[in-house]
Structures are given as C-alpha cells and as structure tokens.
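> Pasted the sequence and its predicted model underneath.
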Amino acid sequence: MRKPFVAGNWKMNTDSHTSVSLAEAVASGSSDIAEQVHIAVIPPFVYIPAVVKAVSNARIAVGAQDVYYEQKGAFTGEISSSMLKDIGCTYALCGHSERRHVIGETDELVNKKVGAAISGGLLPILCVGELIEQRKASQTEQVVTKQIKNGLQGLSAGKVSAVTIAYEPVWAIGTGLTATPQQAQEVHALIRKLIGEMYDSQLAGEIRILYGGSVKPSNAAELMAQADIDGLLVGGASLKADDFVSIIQAAA
Ligand code: 13P
C-alpha cells in the first residue's frame, strides 16, 4: 500500500521570515491528517535550517531543490547530499524541469545526482516530463522512458527503492494548464510498467509516482483518484498555506 505523498516545491521564493511562517502554518494546518499522508516542504537552500527548526515538532519532512554529485571538495557553489542530510533534509529533487530546461542539466548529470543523494542518505525525487512540442509529436512515452532509464542508470533495485519519481509535464508547470487526470494516469501507468521491466514487479508496486504541474485545491482530488498517482509535487499553490493544506487534505 503506497501512502500518499504531497511535497511543496517553493522554488526561488520566500525570505527568512516568510519561509518560517509558511512552514509553521503548514505544520499547524496539517497536524490532524499528517499521519495519513507523507508531507514535505522544499524551501530554497538558505532557508532549510530555519524550516527544519520550524517543523521539528510536526510530521513534515524537509527537502532540497537540488544536490551536487560529489560529497566534498573544490566545487565552488555546490552543496552535497551529506551536507543536506547533516542539516536535517530528508529529500532532494533531482532533475527538476527548471534545472533541465533553464540551467541545462542533462540526464547524465541527473543520474549522478540521484546516486549521490542515495549515497549521502537522502531520498531523491527524480523529476521527468515532456515539452509541449514533444507531446504534440506523440513523443511523451519515448521522452519519459529515456529520462527514467538514463536517470536510474546503474542503480540497483535496492537503491531505487529509495527513489520517488515525479512526472511533471513541462507544459503544465506554472502555466495553469494541468494534465487531465487521464493524461497523467496514462504516463504514471507507463512509468510503473517501465520500473517493472527494468527491475521487478515488487519495486514497480512500491515505488511512489507523484504528479506535478499546476496542482491546485480544485484539481488535487481528481488527480489523486487515479490508480497510479501516489501523490503531488506542488509549486505555486504550496506558497499559500491554506491551498497547500487543502491539497494535503485531498490526498489524505
Ligand atoms: P506549479 O505547481 O507552480 O505548476 O509547479 C510545479 C512544479 O514544478 C513543482 O515542482
């Protein structure tokens, strides 16, 4: 039985004050349902320690939006999984759409990050998803399959059991255009089947697959009603505590 998982990716938003007030509001708003859902907030790196402290008495995990693939050394500006683990992080996003398409991260880099996150004791959230041109050209299956095969390259089933996958169609991120529950379910089923082919049916049955892309309180329940949608990766709506808590309630 896969427990629902709702994560809020704050992206490059909030400040030292609002990161803490948002985390506290999510903690108090979700306290009565936090046993039924895994909840994570994913603030900008610099606010992680304050947010970890703010949710220390709540059942809320904290994640990082990215992670580097080396553990230490001369890599100016980068942050390792062991550092993130050290300050209380549980999760790390790997290969978020904005890192792939704005910063230029490749599947190979994302693969190293997923492996390093696991080695450092974090649970990676591997993000995949197609561009609008790729969907229009009926390449969604091909694109997502490649991102998953390359992203998990060389990782054993034991390691992949630490991974959560997030399907975030690029055309649905921050656009207000949500994939229909059927469109999302189709890709989620494909991902689960692929994990079964790459590893085994047990892992395919256990791995959590989140949907992300313009998730709102008004569409969360119908997305969560799909058989292979195990949770939601929320951007914009996770910046408003009330909306994020409503989404958590819809998932519970
Ligand atoms: P929005 O919910 O703002 O579309 O962002 C989705 C996302 O990228 C979460 O990682």
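Happy to help now that I have it.
> Can you give me the neighbour number for Gln153?
Using other CB atoms under 10 Å, Gln153 has 15 neighbouring residues. Yep, even glycine has a C-beta here, placed from its N, CA and C like the rest.
> if you skip the residues just before and after it, what's nearest to it?
Counting by CB to CB, 6 or more residues apart in numbering, Asn111 is the residue found nearest to Gln153 once chain neighbours are left out, at 5.0 Å.
> Hmm, Gln147 and that neighbour touching each other?
No - look at Asn111 against Gln147 with CB atoms under 8 Å: they stay out of range, at 9.9 Å.
> hang on, the earlier thing: what is the helix or strand harbouring the residue nearest to Gln153 packed up against?
Assigned by DSSP states H and E, Asn111 belongs to helix 107-119. Counting by 3 or more CB pairs under 8 Å, 6 or more residues apart in numbering; DSSP states H and E, the packing neighbours recorded for helix 107-119 are helix 81-86, strand 91-94, strand 123-128, helix 140-151.
> angle of that helix against strand 123-128?
160 degrees (axes from the mean of the first three to the mean of the last three CA atoms, to 10 degrees).
> For Ala50, which residues are in contact?
Ala50 sits next to Ser16, Ser19, Val20, Ala23 when contact means CB atoms under 8 Å, 6 or more residues apart in numbering.
> what's the spacing between the first one and the ligand?
Read it as Ser16. 22 Å (CB to the nearest ligand atom, to the nearest Å).
> now swap in Ser28 and tell me
Ser28 is 22 Å from the ligand, by CB to the nearest ligand atom.
> which SS class is Ala166?
Ala166 falls in the strand class when you classify it by DSSP: H, G, I helix; E, B strand; the rest coil.
> surely Pro4 meets Glu35?
No - using CB under 8 Å, Pro4 makes no contact with Glu35, being 11.4 Å away.
> need the helices for this protein, in chain order.
Ranges of helices within the chain are 16-30, 48-54, 81-86, 97-98, 107-119, 132-136, 140-151, 157-160, 181-198, 201-206, 217-224, 241-251, based on DSSP state H.
> With adjacent residues omitted, what lies nearest to the residue of the stretch 151-252 of the chain found nearest the ligand?
With CB to the nearest ligand atom as the measure, Gly235 is the residue of the stretch 151-252 of the chain nearest to the ligand, at 2.2 Å. Once flanking residues are discounted, Gly235 sits nearest to Asn9: 5.3 Å by CB to CB, 6+ apart.
> quick one: that neighbour from the ligand, how far?
For Asn9 relative to the ligand (CB to the nearest ligand atom), the value is 4 Å.
> That residue: neighbouring residues, count only.
Asn9 has 26 nearby residues by other CB under 10 Å.
> Mind listing the residues bridging to it?
Note on Asn9: beta-bridge partners Ile42, judged by DSSP bridges.
> Buried members of the contacts of Ala50 into ChimeraX, please.
In ChimeraX, a selection of the buried entries from the contacts of Ala50 looks like this (16 or more other CB atoms under 10 Å):
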select :19,20,23
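> That'll do, ta.
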